[in-house]
Structure formats: C-alpha cells, structure tokens
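J.: What follows is a protein structure lacking sequence information:
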Ligand SMILES: Nc1ncnc2c1ncn2[C@@H]1O[C@H](COP(=O)(O)OP(=O)(O)OP(=O)(O)O)[C@@H](O)[C@H]1O
Ligand SMILES: [Cu+]
Ligand SMILES: [Mg+2]
C-alpha cells in the first residue's frame, strides 16, 4: 500500500491535444517537477492523466494551468459518459477529416501512375496533370485539413519539445513548398523535363496520418464502450417496501437499510443481503461466471446482476457510487490509467526519437545534396522527407497502451480486476504464492458439525451463549455458529461489550456472564484451564476447526466447524505447481486442521497458527530470499500481508479492507481466477514485447533504406501507417487468445 498522507489527493484529468507518447512524457516531466505533486501518470492512448498531489499547497487548477501552458487542454475528469461522448465526437471528427482529405488526395495519387513504366499507359484526366489544379488541391489539404498539425507542432516547438506532428509538418511542408516553388518558377527545371511535383506526397502523408489517428480513436472508443456497458448494468429504479406497500422510486432515493423487492427477471438495483426468498442469480455480466448462483436469506447480492426465478426481499446496503459495480468500473478506469514500467521506457525512446530523426533527415539531405547527387535539390529533399516520415515513432507510442487496454479489458470480463497497469506486468514474474486457507482455498462458509459441552451446562445453552456473542462478529466461523443456533430455533439473548481479537477469538458479555470464544492457546493465556481433549484431536485431523468456549473463566465446551474445499482450488493449485510456482499455505487455523486441508489440495508447505503479523513475516522472509511473492486472501487477518506482498490478490467479495489492500481483485472468488490472471499477464507482456519489437525493428530497418534513397516519401507514409495498424491489430489479437 502506498503511504499516502491524508493531505494527498488523487485526481483524474482529461487531457486533449496529445499527439504521441512524447507529449505524454513531456507533461509528466513538467508536472512531476511541480511542488506538491507526488506522482503523475499520463496515458496518451486514453487522453487521461492521473495525478496525486497535496491539495493544501497545490490546487488542482495550478496543475491544469501548467499543462495548458505546455499547449494541451487539461480538465478535471467529469465522468465516464462525458468522456465517452467526447471520444465519440472526436472519432467522428477524425473520420470526416480523413475522408475529406482522401477525396482531395485521390486525384493527386492518380497522377502517380506516371512514376512507373508499366502503369504509364493508364489514362489520366488532363485536369489532374495541371500544376495549378494540383497546387489548389494540395494547398487545401496542407493548410485546411492539415492545419491542426501546424498548431500542435508549433506548441511543441515553443516549449522546446518535439512530437510526432513536428515530423509530419516538416516532411509535408518540405514536399509542398518545393512543389510550390517548381510551379511558380518553371525555369527551375530543365526545359522539356516533366517538372517533379511532390504535391501528392504531402497530401498523401496527411491523409495516412489521419487514417492512423482515426483508427486509434476507434480503439479508444471501443474500450470506453466496454466500460459504459458495465455502467449500463446499473438499474435506474428500484421497488422499495415502504410500510406495507411497494413503491417504485429512482435509485437515487433508495437509502441503505431499505427493503428492496426484486421480482424474477429484474435487475438487482443495489448491493445488499437477502432477507427472505430464494432465487438463482445470473452474475455472469459481472463475474463472467456463466452458472447461475443460488441465493438464500443471509446471502449477499450484487447490484447489476439479474434475478432469474424467485422473488427476493433484499436489504439495500451499498447503492450507486458505493456499489461493487461502481467500484469495479473505477478500478478498470484506474488500471488503464497507470502504466507498466515497460511503457516508461517506450515513452523515453519516443521523446528521444524526434530530435534524432530530425538530425538524420538533415544529414541525409546534406549527403545527397553535396555528395551523392550534387546539385539535385529535388532528390535530396525527397530522401530527407522519406526519413522524416518513416522514422515517426507513433507505433512505439501505441505498443504498450493498446496491449494493456486489451489485456485488462479481457481480464475484467473474467472478473479479474487489476488496480494498476503495472500489476498486469508484474504478475507473470511471481514465483511464490501464499494462500490463506479459510475463504481462499475453502468456501469460507463453514458449517457447525459438532458441539460438546463440558461441565454443568448443556449443549443448547452452550450454543445459545456462543451465538449471542458471535452475532456481532464478521468472521466466517461466527456465521456458522449463528446459523446453527437459528437452525435449532434458539432464542439468542443480547450481548454487550463485544470485542474481536483477530487471529485469536472474541469476547462479549451475555446475560451478565463473560463469554470467551477462540483458540485453546488464547483461552489459556486468559487463565482458562483447557485440558487436551481426544475429541479435539479427532476433529482437527478431519480438517475441522475447533473453537473453545469459556463462560465466566471456565471451559464450557467446544464447537467444531467444517468448511468445504472449493472444487476449483485443487485444479488451480495443480496448475500453479505444474508451472513451477511454489505454493505455500498460511493460515490462522490450527496445525492439524491446516495440514489435513493442505493434503487434500496438494500443498506441502504450511504455516499454521499464524497471526496477521506472522503472515507478513512469512512473506517477508520469502522476499528476503529473493522470491517474488503474491499473497492471496479474503479476510481482515490477511490485509497486512496483502499490502506487503509484491502483489496482493483479494479473492471473492471478501472483507472491504482486504479488497482495499490488494492490487488485484478476483471477483469470481475462485483460485482458477488467479491462474487465468497469470496467463493473461503472460500473454499481455508477450504481446507488448512483440509490439515494441515490431515498431522498433521497422524503424531500425526502414530508416537506413530511406537514407540511402530506396524509399520514396509515399512508400514511407504507407509503411508508417501499416506499422501502427499492425501494432493495433496485434494487440487486438490478445482479445481472442485463450
Ligand atoms: N470470531 C471468532 N470466533 C471464534 N473464533 C475465532 C474468531 N476469530 C478468530 N477465531 C479463532 O482464531 C483462529 C484464527 O483466526 P483467523 O481469522 O486468523 O484465521 P482463520 O479464519 O481460521 O483462517 P485463515 O487465516 O486461513 O483465513 C480461528 O481458527 C479461531 O479459532
Ligand atoms: Cu507517425
Ligand atoms: Mg481467510
């Protein structure tokens, strides 16, 4: 967990006007140097920034002003829908610009058949060959359609930085101005020769760059659309029980504690607990799990899921922006915001690239003008233009964000939520996994199987006292005790002075008597005489958890609860071991119980009787031995270890504090989600590496070709667009990989 001070605030910004990764790097560099700014992450692909800053010393306006001064537009992020609408509008604008540009470019391209012997027989409208006509078309494309490139390049240069648009502007302007010069100085070329015009080059480059941008905007729109779909899962109205009548009210009017009535086929409007009723719930849209889940009274339901066949009365708990669904959307947005560290390298490369390319182009021009083809200004210029265009680093800038977008989107569909892009990168480096037992390997829904009273009280009284105290605890074991008391229809008395001791047990006062429930060691420490009992040993070797109950300082009995193992746990642990990952169990439960369960799922290394701090110690020891450790857990007692792990993984709809402390959240609640997450992480990283090598190799190979004059400017433009397109399509391939 980050040690953020209370004055630190995290704010999302939407930033427009960025043209490539170099712009993002520029903003990060400037803003991170501002006083009071702790951290900033700018994502060029999403047009977003995420800044953590001290809001008492540095108002957010100061940060947005600073970004505006760099030549971009920055605003405090409003909401997903506004964002989505503006992305959609931008997408349409780019499409129109591209189409218009293409219309003006086609007549110019037509004349290119003149360049080749084998196509020179093709008919060309005479008008198209007219230099004045070409001049008019090219001028429109260059300055009207291409105008925004000039603005952006000017802004960048004014701030002594360079972006992709600088390359575009330099390359196209050079081609355009030279053609212009030729048209107005017909004497510049030898009589009888066809004057070499480059109008088609400048127009074509602009058209292709626009095509690339349009494709990129479409990819952006698609990811936002996926988030919007999640948002659309939220119901807008709810049927609330007011007195004896059911009233339909807007969701905003539902309060925590209200009883909501959910009919078969209806969407569940808020997170809550079932009070009465029984039904199968389709949670697939949220968790990706296709099997409906049965819900009875006492079970939690999640807003946005669909009630299939029974009527439910649900006590509303978390509504609207507090709901699990909202939280999930925020997590996905946040994960797409931040960048894996591999992206930082890519950004640095992109920023370095532009000046290097400009010097390459200058060298190329000089070499041709003075050495290879002395005096042929046209040819030297042509080669320099090719270099400018081919070297554009836009594919490098796209390589990582597109893969991360697709990878985290794919994960989200399977109910795997990464809080940060960097965890998507790190997960595949993990070599050791610590697993909590209760709720992680097992269902976390233990059932009370046995209870034995000791001394003068009878079993029902034992259960009554135990349930009275346990009602106040969130622990899964407590729920088992309370459920059993309910099943036996016991009248549970009220308790006061409840205290929980994580890892040990609980204490409360029932009917004036001091009740203590927990481990044998803890009761002993409190002065209760606990003798070793044969039954306890027997229960524990059956994999049951034994709870000791003391009333007024005397041992009153013991309760045994058995939790069933999730069927998916065995399968997942098996897969992990096959991959060569070390799997270790750390549990607060007793050694004998832990070993029995461990054996059933095939874990050899067990740390039992671990207090929350002990879990951290086990973890740190492994880290000191050079291991990369992930911790998987669901409970309050796992939170410290989740925060300390290289990657903390919260499983299921566990304790809020666990979800908060973790880096990854497995909504489906199965360990197979972990193996899926690791696989997605591996695939995404491999995809990013492919993309980067694609982009780099292409630049590395193509630049020399352009320098020696083998690539004409229009080929360079096409190749540049193709490299961006291949990066984007390679990333999209991830979506369909298994
Ligand atoms: N609310 C409670 N009621 C009764 N006993 C408790 C309670 N909380 C903890 N204990 C006792 O302390 C032990 C350790 O609890 P802890 O919550 O640390 O681990 P756990 O839930 O048993 O296992 P895991 O660490 O695998 O989730 C329990 O096995 C139980 O004996
Ligand atoms: Cu480019
Ligand atoms: Mg647990």
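T.: Looks like it came in fine. Computed from a predicted structure; not experimentally measured. Numbers count the residues shown, from 1 in each chain. Ligands and ions are numbered 1, 2, ... in the order given.
J.: alpha carbons only for contacts and neighbour counts from here, please
T.: OK.
J.: tell me the domain ranges of this structure?
T.: 8-78, 95-223, 236-318, 323-414+674-738, 415-442+565-673, 447-562 (automatic domain parsing).
J.: Least confident of those, on average?
T.: Of all the domains of the chain, the minimum mean pLDDT falls on domain 95-223 (a mean of 74).
J.: Can you name the residues bridging to the closest residue to residue 629 other than its chain neighbours?
T.: Once flanking residues are discounted, residue 629 sits nearest to residue 432: 4.8 Å by CA to CA, 6 or more residues apart in numbering. Counting by DSSP bridges, residue 432 is bridged to residue 582, residue 629.
J.: quick one, what contacts residue 432?
T.: 581, 582, 583, 584, 627, 628, 629, 630 (CA atoms under 8 Å, 6 or more residues apart in numbering).
J.: so what's the first one closest to, chain neighbours aside?
T.: Closest residue in space to residue 581, ignoring its immediate chain neighbours: residue 431 at 4.9 Å, by CA to CA, 6+ apart.
J.: Kindly report the same for residue 270.
T.: residue 303 (4.1 Å).
J.: Could you measure from whichever residue of the stretch 151-300 of the chain sits closest to ligand 1 over to residue 352?
T.: With CA to the nearest ligand atom as the measure, residue 298 is the residue of the stretch 151-300 of the chain nearest to ligand 1, at 17.4 Å. For residue 298, the distance to residue 352 equals 59 Å [CA to CA, to the nearest Å].
J.: Please apply the same query to residue 422.
T.: Separation of residue 422 from residue 352 (CA to CA): 23 Å.
J.: Same check on residue 466?
T.: From residue 466 to residue 352 the distance is 68 Å (CA to CA).
J.: more crowded one of the two?
T.: residue 466 (30 against 16; other CA atoms under 10 Å).
J.: in the helix or strand where that one lies, what counts as buried?
T.: Using DSSP states H and E, residue 466 sits within helix 459-470. Residues of helix 459-470 classed as buried: 459, 462, 463, 464, 465, 466, 467, 468, 469, 470 (neighbour count, 16 or more other CA atoms under 10 Å).
J.: so residue 569 sits right up against residue 669, yeah?
T.: No. Residue 569 is beyond contact range of residue 669, at 10.2 Å (criterion: CA atoms under 8 Å).
J.: These two - which one has more neighbours?
T.: Counting neighbours by other CA under 10 Å for residue 569 and for residue 669 shows that residue 669 has the greater number, 24 against 20.
J.: what about the helices in the stretch 351-500 of the chain?
T.: 377-390, 394-413, 421-426, 459-470, 476-487 (DSSP state H, counting those that start in this stretch).
J.: For ligand 1, what is the nearest residue in the stretch 51-200 of the chain?
T.: residue 52 (33.6 Å).
J.: need the residues of this structure near ligand 1, please.
T.: 436-438, 473, 475, 477-478, 502-506, 517-519, 547, 587-589, 611, 637 (CA under 6 Å from any ligand atom).
J.: Beta-bridge partners for whichever residue of the stretch 501-650 of the chain sits closest to ligand 2, please?
T.: Closest to ligand 2 within the stretch 501-650 of the chain is residue 647: 36.1 Å, counting by CA to the ion. Beta bridges link residue 647 to residue 630 when assigned by DSSP bridges.
J.: who's in contact with it?
T.: 423, 426, 427, 629, 630, 631, 662, 663, 664.
J.: what's the closest of these to residue 32?
T.: Nearest to residue 32 among the contacts of residue 647: residue 423, at 22.0 Å, using CA to CA.
J.: distance of the closest one from ligand 3?
T.: 23 Å (CA to the ion, to the nearest Å).
J.: what does the one helix or strand residue 132 maps to contact?
T.: Following DSSP H and E, one finds residue 132 within helix 131-139. Helix 131-139 is contacted by residues 104, 105, 108, 127, 128, 176, 180, 183, 199, 200, 202, 203 when judged by CA under 8 Å, 6+ apart.
J.: Show me those that map onto strands.
T.: Residues of the contacts of helix 131-139 located in strands (DSSP state E): none.
J.: Just the closest of the residues you listed to residue 246, please.
T.: residue 104 (63.4 Å).
J.: which residues touch that closest one?
T.: 137, 138, 141, 203.
J.: any chance of these in CSV, plus distance to residue 210?
T.: What follows is the contacts of residue 104, written out as CSV (distance: CA to CA, whole Å):
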residue, distance to residue 210
137, 17
138, 15
141, 11
203, 11
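J.: Pull out the buried positions in the next helix or strand after the helix holding residue 132.
T.: Moving toward the C-terminus from helix 131-139, the next helix or strand (DSSP H and E) is helix 147-158. Residues of helix 147-158 classed as buried by neighbour count (16+ other CA under 10 Å): 149, 150, 152, 153, 154, 155, 156.
J.: and helix 147-158, does that touch ligand 2?
T.: No. For a cut-off given as CA under 5 Å from the ion, helix 147-158 has no contacts with ligand 2; the smallest distance is 12.0 Å.
J.: Just give me how far that helix sits from the chain centre.
T.: 32 Å (CA atoms, centre = their mean, to the nearest Å).
J.: residues contacting the residue in the stretch 301-450 of the chain positioned nearest to ligand 1?
T.: Residue of the stretch 301-450 of the chain nearest ligand 1, by CA to the nearest ligand atom: residue 437 (3.3 Å). Applying CA under 8 Å, 6+ apart, we find residue 437 in contact with 585, 586, 587, 594, 633.
J.: Whichever strand or helix holds the first one - contacts with which helices or strands?
T.: Meaning residue 585. Per DSSP H and E: residue 585 is located in strand 582-586. When contacts are defined as 3 or more CA pairs under 8 Å, 6 or more residues apart in numbering; DSSP states H and E, strand 582-586 packs onto strand 432-435, helix 567-578, strand 605-607.
J.: May I see the buried residues of the helix or strand following that strand?
T.: Next along the chain after strand 582-586, taking DSSP H and E as the criterion, comes helix 591-601. Residues of helix 591-601 classed as buried: 591, 592, 593, 594, 595, 596, 597, 598, 601 (neighbour count, 16+ other CA under 10 Å).
J.: For helix 591-601, what is the distance to the chain centroid?
T.: 35 Å.
J.: For that helix, give me every contacting residue.
T.: Taking CA under 8 Å, 6+ apart as the rule, helix 591-601 contacts 437, 537, 540-545, 565, 569-570, 573, 585, 587, 604, 606-609.
J.: Give the PyMOL command for selecting the buried subset of the residues you listed.
T.: Selection of buried members from these for PyMOL, criterion 16+ other CA under 10 Å:
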select buried, resi 437+540+541+543+544+545+565+569+570+573+585+587+606+607+608+609
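J.: ok, residue 664 touching residue 650?
T.: Yes. Applying CA under 8 Å, one finds residue 664 in contact with residue 650, separated by 6.2 Å.
J.: more neighbours, those two?
T.: Using other CA under 10 Å as the criterion, residue 664 and residue 650 rank with residue 650 on top: 32 against 26.
J.: Kindly state the beta-bridge partners for the nearest residue to residue 650 once chain neighbours are set aside.
T.: Leaving aside its sequence neighbours, residue 650 sits nearest to residue 665 (CA to CA, 6+ apart; 4.8 Å). On the basis of DSSP bridges, residue 665 is bridged to residue 417, residue 650.
J.: Around residue 665, count how many other residues there are.
T.: Residue 665 has 32 nearby residues by other CA under 10 Å.
J.: Equivalent analysis for residue 458, please.
T.: Residue 458, neighbours per other CA under 10 Å, totals 13.
J.: how far away is it from ligand 1?
T.: 19 Å (CA to the nearest ligand atom, to the nearest Å).
J.: Distance of that residue relative to residue 482?
T.: 17 Å.
J.: One more: residue 460?
T.: Distance from residue 460 to residue 482, by CA to CA: 12 Å.
J.: Quick check, residue 565 in contact with residue 441.
T.: Yes. The criterion here is CA under 8 Å, and residue 565 meets it with residue 441 at 6.1 Å.
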